[in-house]
Structures are given as structure tokens and as C-alpha cells.
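Asker: give me the fold of what follows.
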Amino acid sequence: MAKRSHLTEFGIFRGEKRANFWPKTATNGIEIRRVLRVGGANLIRIQTIATTAAFRAFMKLVERYIFDKAGTATLVTLGSLAGVVWIVQVLRGIDIINNKGQTILAFLSLTSLAVPDLLLAIIPVALLISTIHTINAMNNNTELVVVTASGCSNWTIAKPLLFLALLCSIFAGIVGHVVSPLSLVKLNEFITDMRADLVSVIIQEGTFNTIDDGLTFHIADRRAAGVIGGILIADDRDEDTSIIYSAREGIITRNEDGSLLKLKDGAIQQTNRKDGTVSLIKFQSYVFDLSSFSAERPQKSRRAKERMTTELFFPNPNDEYFQKNPGRFRSQIHERFSEMLWPFAYVLIILAFCGQARSNRQSFSSAITTATVCVIVARGMGFSAINTLKSDPSAVWYVYALPIGCILVGSFFVIRNRPAGLPKPVMQRVEQFNMKIAMQVERFQDAYKTYRRRRAGVEA
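Answerer: Model (predicted):
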């Protein structure tokens, strides 16, 4: 018969959610003896005769509860931030529909392809916000007190959050090494195809369409067999000369060299910007070359962030872009790998300051503020290190020392089971700042409530 021992543990039941924290039945030898009401939570004192396996199952339930809570918050935050980034891309590219004549599907595809490049910076931020939310919610609901009173160490809270950080790190690696480069390449190909599809731009009748900087098209109507009538082209790309093409009709053709616009029965008005002289040339047939802005960008001109990691490690020595910008290749390699360390740094710094149960008198909000400021400062130094690496190869140690240093410092406080904190005079200033912010927020809320009452005609 297995050796049994008497254990006393504490847990939390909140309404119908108790099954998420403890089993309803005594399948693991757990028997509920009495319920104590403490603060806003129901502390359930559990007298149990359980084996070691049952205790391990209890620990897994606690960790799963924390992981579910933090994981849900991370997904919601990541989705929200990604949505904001996508909306920003939409607003920046709205002229694609207005001026380029593209369909809504092409527009959505174009803006969506730009999101993965920014997603790399969003993933750690989403984890940071969700970690702060989870720890703060557990402290407010006295759940941190319960876990601590049950004899669990800080690793009970740290373990599920670090596992979530591992998943975010893997996701960031996939995005940085695979998804982002492929999406940027696809984005450039999409733009090239969109520019090459000039028919969809020029056939907008009665409107002026700018298809390149300083190049504007206008047509009167579209006729059968692909013939375009009433063509006007204003070419101001040359700083010294302004050229206006006009033609009775024309047609777009394509060959191996690119796209051509064949104009018939028209004139070319050329104006010298320096002396103001104007020359007029009439023609029966003229070919306008469209390949200058519809041609595909050559492979050698792709930026470092548009290349796969293997290509960054082993670039073509004859690559023109690599010869001009070797530092960008070096910086991009280390940026992709260092980004995978920051999720762990974020979690451990937050746990070092906020992982222990505190009362309101101990200013838990001040600990959150301090931890957030430390993370922001460290991350800002990390971005600075990446930029320095482009010109100074010796800065590579700095790129990795920052996240690894945060991980080691955070792990030290978590292992020692003691909260991190700033010097007492500094913490007093932080607490005063938090109190001022809280007072301002309270005043704003009161003013808003008063305003709503007045609008509703209710006396205060």
C-alpha cells in the first residue's frame, strides 16, 4: 500500500467556475470540510488524505488555471493589437482604391501582407500586457494569497507563464524567420503586378489617375477591342522639363520588353522649366513606354528584411545590395534571434516585481508601474543596440546581453522568492505619482458622471 500523508491546502471557488480550479468530486481523495470568507474570494479549506500523485495533479490544475487565464488574455491582446496595426495599414493605403482603381479584395490582400512585419514587435507586447493583467487580477481576487498560503513557491505561478513565453518565442521565431520575409516578398510581387495591371487604372473614365510620382493619366472613354479614347498624359518626373501627351485614341500592348501604350493622332507639348520655352510636336503614331514603372524589381535589390535567414547567413558576395549594406544583413540576423529572448525577459521582470502576493498598502500598482518602466527602458536599449549593430559589429554582445540580463535578474528574484524593488526614496516618488494619477482618474470619472446626470436631467 502506498504511503499516505495528511496535507492541508487552500483553493478558490467562484460560482460555477470551481471545476476549472478543483474537481467537484473526491476523485483524488479530496474532501471539503469548511468554507471561510476572506475579502472577495471564497477560501475553501481542504483537509485531504492524498498520495503524492494527487498532489501533483493539484499542482497541474493550478498551473493550468493560470495558463488558461494568461493564454486567453494573450490571444485577445494579440488579436486587438494586430487589428489596430491592420487598420493603420488600411488607412495608409486607402488611396490604392481611390487613385489606383484596385478592387477591395486586392486592397485587403495588400494591407494584410504588411502586417507580419509589424507582428514581430507586437507579440512580446501582447505577452507583457496579458502577464500584467493576469498577475494583477489574481492579486485583486486574493488568488496570489491562496497560492502562497498553500505552500506553493513562485515557480507555481512562473511555470505556466514561462511556458506561455516559450510559445510566444516560438511564434515570434516563425514570424521573424519565415512568415515576415515571405510576406514582404509577396507584397513586393503584389505591388509589381498591381502596377503592371495598368489597364485597370487607365480605364477609369473621366478621372485623373496618378500611377507614379509626377505621372498622371486621364481618358475620356473606353471603346471596343481595348481602344481607349481621349488620352491625356502629364509627365512631370523630370525636374527641368514638363511634357504633356494628348491623343485621339490609343491601345495598350505587351511584349517581352514590357507594356507599351500606342497613341494615335495626337501631340506632345514640351515645356522647359528654366527658360519657359514651349515646343509642340504633332504625331500620327507614338509609343509611350510603360515598363519603367511596371517592371519587376530585380532580385539583387531586395532588402535584408525581405530575405530568409539562410540567405542572410550565406549571401551572394556579388550581391549589389549586400556589398553596399553588409551591416543590415548582420543586424537583421541578430534581431530575429534576439526577439525570441524578449518574451522570457518580459515575464520574469514582471514576476520579479509583482509575482508575490501584496496588500493594497504595499502598493501593488506601484510595483506594476516600476516593472513596466524597467521593461520599456530595457526594450528601448535593445532597439538602440540593433541600430548600432548596423555600423558596429562589436555591439552584437549588447543585443543579447540586454534580454539575457533581464532573464537572469528576474530569475534571481523568482528563485529567491523575494520581490524586486527600487530604492525606498524612489519607490516613494513612484507611489506619489501613482496616487496623483489615481486622483486625476477619479476626478475625471466624477466629472463624467456629473455630466451624464445633467444630460439625463437627474439631480446629483
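
Asker: do you know the pLDDT at the closest residue to Gly327 other than its chain neighbours?
Answerer: For Gly327, ignoring the flanking residues on the chain, the nearest one in space by CB to CB, 6 or more residues apart in numbering is Lys390 at 3.9 Å. All C-beta atoms are positioned from the backbone trio N, CA, C, and that covers glycine. We have a pLDDT of 85 for Lys390.

Asker: now do Val227
Answerer: For Val227, pLDDT reads 80.

Asker: what about the longest helix in this protein?
Answerer: helix 52-92 (DSSP state H).

Asker: and the helices in the stretch 101-250 of the chain?
Answerer: Remark: helices assigned in the stretch 101-250 of the chain by DSSP state H, counting those that start in this stretch are 104-113, 115-140, 143-149, 155-174, 180-196, 199-202.

Asker: poorly predicted segments of the stretch 251-400 of the chain, please.
Answerer: Along the stretch 251-400 of the chain, segments meeting pLDDT under 70 span 254-259, 291-301, 358-363.

Asker: who does the longest helix of the chain touch, helix- and strand-wise?
Answerer: Helix 52-92 is packed against helix 104-113, helix 115-140, helix 155-174, with contacts defined by 3 or more CB pairs under 8 Å, 6 or more residues apart in numbering; DSSP states H and E.

Asker: pLDDT on the last one, on average?
Answerer: Put plainly, it is helix 155-174. 90.

Asker: of all the helices and strands packed on helix 52-92, which one is nearest Gln428?
Answerer: Set against Gln428 and scored by CB to CB, the helices and strands packed on helix 52-92 come closest in helix 115-140, at 20.9 Å.

Asker: take the helices of the stretch 101-250 of the chain and write them to TSV, including mean neighbour count and distance to Leu263.
Answerer: Putting the helices of the stretch 101-250 of the chain into TSV (neighbours: other CB atoms under 10 Å; distance: least, CB to CB, whole Å) gives the following:
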stretch	mean neighbour count	distance to Leu263
helix 104-113	16	28
helix 115-140	21	40
helix 143-149	20	75
helix 155-174	19	50
helix 180-196	17	19
helix 199-202	17	12
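
Asker: mind checking which of the helices and strands packed on helix 52-92 is nearest Asn318?
Answerer: Nearest to Asn318, of all the helices and strands packed on helix 52-92, is helix 115-140, at 27.0 Å by CB to CB.

Asker: next, the angle helix 155-174 makes with that closest one.
Answerer: Interaxial angle of helix 115-140 relative to helix 155-174 (axes from the mean of the first three to the mean of the last three CA atoms, to 10 degrees): 170 degrees.

Asker: for helix 115-140, the averaged confidence score.
Answerer: In this model, helix 115-140 has a mean pLDDT of 88.

Asker: from the contact counts, what lies against it?
Answerer: With contacts taken as 3+ CB pairs under 8 Å, 6+ apart, helix 115-140 sits against helix 52-92, helix 143-149, helix 155-174, helix 180-196, helix 342-354, helix 364-389.

Asker: relative to the whole chain's centre, how far out is the second one?
Answerer: Here helix 143-149 is found 33 Å from its chain centre; the criterion is CA atoms, centre = their mean, to the nearest Å.

Asker: which parts of the stretch 151-300 of the chain are strands?
Answerer: 208-212, 215-222, 228-235, 241-255, 258-272, 278-289 (DSSP state E, counting those that start in this stretch).

Asker: now render those as TSV, adding distance to Leu128 and mean neighbour count.
Answerer: What follows is the strands of the stretch 151-300 of the chain, written out as TSV (distance: least, CB to CB, whole Å; neighbours: other CB atoms under 10 Å):
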stretch	distance to Leu128	mean neighbour count
strand 208-212	42	15
strand 215-222	46	17
strand 228-235	51	18
strand 241-255	51	17
strand 258-272	49	17
strand 278-289	52	12
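
Asker: taking the centroid of the chain, which residue is nearest it?
Answerer: Nearest to the geometric centre of the chain sits Ile122, at 2.6 Å (CA atoms, centre = their mean).

Asker: contacting residues for that one?
Answerer: Leu78, Leu81, Ala82, Val85 (CB atoms under 8 Å, 6 or more residues apart in numbering).

Asker: C-alpha coordinates for stretch 302-311, CSV please?
Answerer: The C-alpha trace of stretch 302-311 is given here as CSV (Å, rounded to 0.1, in the frame of the first residue of the first chain):
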residue,chain,number,x,y,z
ARG,A,302,15.7,43.1,-52.1
ARG,A,303,16.2,44.5,-48.6
ALA,A,304,17.7,42.4,-45.8
LYS,A,305,14.3,42.0,-44.0
GLU,A,306,12.9,40.5,-47.2
ARG,A,307,15.4,37.7,-47.2
MET,A,308,15.2,34.3,-45.5
THR,A,309,17.6,33.7,-42.6
THR,A,310,19.7,31.2,-44.6
GLU,A,311,20.2,33.8,-47.3
